[in-house]
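S.K.: sequence? don't have it. structure:
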């Protein structure tokens, strides 16, 4: 349900930031409870490489850390950026400076932190070298698809698709612009 919530912020009819965007979802096991055999040899680097191979112009990753960044992940991000893809990633929710486990620490990414309604950084939002921009990440109302209830959430995961949506809108407006120009 996390990915579905992020996609709805990005492109849902009626309230998504980039309602006309084409979305392709790629998934990698996110925690120890996931049956790794169901996703054999699939990791963040594999999903980034697949998105680039499929022609993605924007990659939105609402994954704030939790494990060390692998060389494969760094190479996948560098390859995406070198091909003009804008890689938008959450900074993470530990409230620490320069988190080494955040994909936002990889050069070329657009690292997104969470702000409150007044534009101040949230105490839980990671900050430092990987932080490029902030977007709302506090009191986000979402539909919990597992329970059918409306819940209020917070985190940099919610900020990330907002920024990715703005990037997608800019790319629609200026289709000849490079990823670096956007």
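M.R.: Nice, thanks for sending it over. A quick note: this is a predicted structure, and the numbers were derived from the prediction, not measured.
S.K.: after the helix or strand bottoming out on mean pLDDT in the chain comes which helix or strand?
M.R.: None of the helices or strands of the chain scores lower by mean pLDDT, DSSP states H and E than strand 140-144, at a mean of 70. Using DSSP states H and E, the helix or strand that follows strand 140-144 in sequence is strand 149-153.
S.K.: what lines up beside that next one in the sheet?
M.R.: strand 140-144 (antiparallel) (DSSP bridges).
S.K.: for the spatially most central residue of the chain, name its beta-bridge partners.
M.R.: The chain has residue 61 as the residue nearest its centroid, 2.6 Å off, counting by Cα atoms, centre = their mean. Beta bridges link residue 61 to residue 89, judged by DSSP bridges.
S.K.: surely it meets residue 51?
M.R.: No. Look at residue 61 against residue 51 with Cβ atoms under 8 Å: they stay out of range, at 9.8 Å. (C-beta placed from N, C-alpha, C; glycine too.)
S.K.: need the contact list for residue 83.
M.R.: When contacts are counted by Cβ atoms under 8 Å, 6 or more residues apart in numbering, residue 83 touches residue 52.
S.K.: what about it, distance to residue 149?
M.R.: For residue 83, the distance to residue 149 (Cβ to Cβ, to the nearest Å) stands at 41 Å.
S.K.: same check, this time on residue 123
M.R.: Distance from residue 123 to residue 149, by Cβ to Cβ: 26 Å.
S.K.: host element of the closest residue to residue 27 other than its chain neighbours?
M.R.: Spatial nearest neighbour of residue 27, excluding adjacent residues (Cβ to Cβ, 6 or more residues apart in numbering): residue 3 at 6.5 Å. Using DSSP H and E, residue 3 maps to helix 2-11.
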